[in-house]
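> Just to be clear, the model below is a prediction. Sequence and coordinates:
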Amino acid sequence: MTRAQAIAQAEGRFDDGTFFADLARRVAIPSTAQEPDKRPYLDAYLTDEIGPTVAAMGFDWKRHDNPDPGGGPFLVAQRIEDPALPTMLCYGHGDVVRGQEEDWRDGLNPWHLTAEGDRWYGRGTADNKGQHSINLAALQAVLAVRGRLGFNCKLLVEMSEEVGSLGLAEFASSNRDALAADLLLASDGPRLQPEQPTLFLGTRGAFNFELDVDLRPGAHHSGNWGGLIANAGVRLSQALASLVGPRGEILVPALKPAEIPAAVREALAGVTIDGGADAPEIDRGWGEPGLTPPERVFAWNSLEILSFTCGNPAKVVNAIPPSAHAWCQIRFTVDTDPASFLPALRRHLDAAGFADVSVRSSGLLMQATRLSPDHPWARWASDSVAHTLGRPPVVVPSLGGSLPNDVFADILDLPTVWVPHSYSGCSQHAADEHALTPILRQGLAMMAGLFWDLGSGDAALPTTSER
């Protein structure tokens, strides 16, 4: 009954095909939250697949309705071995984006798990069915070897993450006792490099906003009126150019942090970002001047223009467009307050002579969070992974993307440690989504080691006061 045996048990589930079979069943359930006609599959994923799986592991589980009528259900499960033991909350989401069946290459189907070389193709292999399946399999391995976990485990699976985690914050607020724990240990998002084990401790937030120019009721002939009346596309493009520079740098000081904390800068020193063979090449001169690429994406804000419409691109005519519209997004760190963004944008546009450009929020998608790399649970997790692999993981204070981590960090007041089992070239949210087998197998070993260590009663665990 050893740590090495638990890791070998987890790796064995990969080698003998058990893990593939488990994931294949889950991928086959078309549980997309983006298509209303697939709503029954959101329930089926929980009640027919995850519920029975955790019940066989000695968990009590229950399906819960979403307090938001537009959201999918939740599953909450728990295995309480001793109230005096540390309690871990694990999270995953079983919903996926739409299948986009017509866009997958020949021989692939989003709802059929297909192995080709070191890639397993299927919707959810990377986001997030493959990732929480690794964690479930690692828990099974520890139970098989030790006969118990040695800690209390709670599991939350939501079915609305791909539509903004509808109702999750309200559900967590109403179920604080049921979800109370010492630590969130979960998996989502990508590694920094395919071969580099990674821990991230928080996420950037996401604030979407829209800009409009609406000058007159209709378009007018460009020959008769060109040079006489304002062009909405010109006005809006100039307004956008006043917000973000030609190299992607934010030009409005109120929309970016004052500085990067020293501990964050130190944690990112020497970090390399490489999404693998299929990822785009980093534009070295893009973004905030004077920052490294990791600092730009993990510790700074970015402003992106997501879409711009002016006139009718499908049927261009020789007329001056009366209106234009842009959808934009700010990815932000905990060092800036998103409540200040809209007033700052309005002040800037007015001062720059763009009073005719309206600005409105499209909604705060997710709040920013960050846990210090020096936090006891962060150090513990890093040491555990290093013990398993013989080398330390990269520890990132906050991921560049966004997850509903604010629900766990702010509402449930938990330290949060994420162990991603994917990579940025995985084509998540697109056709041909896939997982890499070396990452999957290594993820099983890492998580089995983490769960073993959590239940070992070792003195290296954070003390009650540190939790």
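Nice, thanks for sending it over. Residues are numbered from 1 along each chain as shown.
> What strands line up against the helix or strand of the chain with the lowest mean pLDDT, and which way round?
Lowest on mean pLDDT, DSSP states H and E among the helices and strands of the chain sits strand 357-366, with a mean of 87. Here strand 357-366 has these sheet partners by DSSP bridges: strand 205-214 (antiparallel).
> Can I get the strand it pairs with in CSV? Just the C-alpha atoms.
Only the C-alpha atoms of strand 205-214 are listed here, as CSV (Å, rounded to 0.1, in the frame of the first residue of the first chain):
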residue,chain,number,x,y,z
GLY,A,205,-11.3,38.2,-15.6
ALA,A,206,-13.3,39.1,-18.8
PHE,A,207,-15.3,42.3,-19.4
ASN,A,208,-17.1,42.6,-22.7
PHE,A,209,-18.4,45.9,-24.0
GLU,A,210,-19.8,47.3,-27.2
LEU,A,211,-19.2,50.6,-29.1
ASP,A,212,-21.8,52.1,-31.5
VAL,A,213,-21.8,55.0,-33.9
ASP,A,214,-25.3,55.8,-35.3
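> tell me which residues in that strand are buried?
For strand 205-214, a neighbour-count test (16 or more other C-beta atoms under 10 Å) marks Gly205, Ala206, Phe207, Phe209, Leu211, Val213 as buried. Every residue, glycine included, has its C-beta placed from N, CA and C.
> Check Pro83 and give its pLDDT.
Predicted confidence (pLDDT) for Pro83: 95.
> isn't Asp118 right up against Thr437?
Yes: under the criterion of C-beta atoms under 8 Å, Asp118 lies in contact with Thr437, with a separation of 4.7 Å.
> nearest residue to Glu259 other than its sequence neighbours?
Asp335 (7.7 Å; C-beta to C-beta, 6 or more residues apart in numbering).
> neighbours of that neighbour, just the number please.
Per other C-beta atoms under 10 Å, the neighbour tally for Asp335 reads 17.
> hang on, it packs against Phe298?
No: using C-beta under 8 Å as the test, Asp335 is too far from Phe298 to be in contact (12.0 Å).
> Find the residue at the geometric middle of the chain.
Leu403 (4.0 Å; C-alpha atoms, centre = their mean).
> tell me the SS of that one?
Of the three states, Leu403 takes coil under DSSP: H, G, I helix; E, B strand; the rest coil.
> how much space between the closest residue to it other than its chain neighbours and Ser384?
Distance criterion C-beta to C-beta, 6+ apart; nearest residue to Leu403, sequence neighbours excluded, is Thr203 at 4.9 Å. Going from Thr203 to Ser384 by C-beta to C-beta, to the nearest Å gives 22 Å.
> Neighbour count for these two, which is higher?
Thr203 (31 against 25).
> Tell me the pLDDT of that one.
With respect to pLDDT, Thr203 has a value of 93.
> Quick check: it touching Val396?
No: judged on C-beta under 8 Å, Thr203 makes no contact with Val396 at a distance of 9.9 Å.
> Looking at the closest residue to Ala409 other than its chain neighbours now. What's its pLDDT?
Sequence neighbours aside, Thr369 is the residue nearest to Ala409 in space, at 4.3 Å (criterion: C-beta to C-beta, 6+ apart). If you check Thr369, the pLDDT there is 96.
> Could you check how far Thr369 is from Glu158?
In terms of C-beta to C-beta, Thr369 sits 17 Å off from Glu158.
> Same drill for the two, tell me which one is more crowded.
Legend: neighbour count by other C-beta under 10 Å for Thr369 and Glu158, higher for Glu158 (31 against 25).
> ok, the more buried one - contacts?
Contact analysis of Glu158 by C-beta atoms under 8 Å, 6 or more residues apart in numbering lists Gly72, Phe74, Tyr91, His93, Gly94, Asp95, Ser165, Leu168.
> which stretches of the stretch 301-450 of the chain form strands?
Counting by DSSP state E, counting those that start in this stretch, one finds strands in the stretch 301-450 of the chain at the ranges 302-310, 319-320, 323-332, 357-366, 394-396, 416-418, 434-436.
> Report the angle between the fourth one and strand 302-310.
Think strand 357-366. Using axes from the mean of the first three to the mean of the last three C-alpha atoms, to 10 degrees, the direction of strand 357-366 lies 130 degrees away from that of strand 302-310.
> Tell me the buried residues in strand 357-366?
Within strand 357-366, the residues scored as buried using 16+ other C-beta under 10 Å are Val357, Val359, Leu364, Leu365, Met366.
> quick one: the fourth one and Gly164 touch, right?
Yes: contact status for Leu365 versus Gly164: in contact at 5.9 Å, counting by C-beta under 8 Å.
> Residue ranges of each domain in the protein, please.
Domains of the chain are assigned by automatic domain parsing as 3-203+369-454, 205-275+284-366.
> Out of these, which is the most enclosed?
Most buried of the domains of the chain, by mean neighbour count (mean count of other C-beta atoms under 10 Å): domain 3-203+369-454, with a mean of 20.
> What's the end-to-end length of that domain?
Start and end residues of domain 3-203+369-454 are separated by 11 Å (C-alpha to C-alpha, to the nearest Å).
> Gly124 is nearest to which of the strands of the stretch 301-450 of the chain?
strand 434-436 (9.3 Å; C-beta to C-beta).
> Packing partners of that closest one?
Identification of packing neighbours for strand 434-436 by 3 or more C-beta pairs under 8 Å, 6 or more residues apart in numbering; DSSP states H and E yields strand 119-121.
> average model confidence for the strand it packs on?
Regarding strand 119-121, the rounded mean pLDDT is 98.
> Check stretch 372-383 too.
Averaged over stretch 372-383, pLDDT sits at 94.
> Provide the contact partners of that stretch at residue level.
By C-beta under 8 Å, 6+ apart, stretch 372-383 touches 183, 185, 199, 201, 263-264, 267, 371, 392-393, 395, 397, 415, 417, 419, 450, 453, 460-463, 466-467.
> let's see 6 Å
For stretch 372-383, contacts defined as C-beta atoms under 6 Å, 6 or more residues apart in numbering pick out Leu183, Leu199, Leu201, Ala267, Pro392, Pro393, Val395, Pro397, Pro415, Val417, Pro462, Glu466.
> Report pLDDT for the residue nearest to Glu259.
pLDDT for Asp335: 94.
> How much space separates it from Gly401?
The value you get for Asp335 to Gly401, if C-beta to C-beta is used, is 17 Å.
> same deal with Val213?
Distance from Val213 to Gly401, by C-beta to C-beta: 30 Å.
> dump the residue contacts of Pro110.
When contacts are counted by C-beta under 6 Å, 6+ apart, Pro110 touches Gly99, Glu101, Arg123.
> cutoff 7 Å now
Contacts for Pro110 (C-beta atoms under 7 Å, 6 or more residues apart in numbering) come out as Gly99, Gln100, Glu101, Trp104, Gly122, Arg123.
> Now tabulate the residues you listed in JSON lines and tack on secondary structure and distance to Gly276.
Output for those, formatted as JSON lines (DSSP: H, G, I helix; E, B strand; the rest coil; distance: C-beta to C-beta, whole Å):
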{"residue": "Gly99", "secondary structure": "coil", "distance to Gly276": "23"}
{"residue": "Gln100", "secondary structure": "coil", "distance to Gly276": "21"}
{"residue": "Glu101", "secondary structure": "helix", "distance to Gly276": "25"}
{"residue": "Trp104", "secondary structure": "coil", "distance to Gly276": "19"}
{"residue": "Gly122", "secondary structure": "coil", "distance to Gly276": "18"}
{"residue": "Arg123", "secondary structure": "coil", "distance to Gly276": "19"}
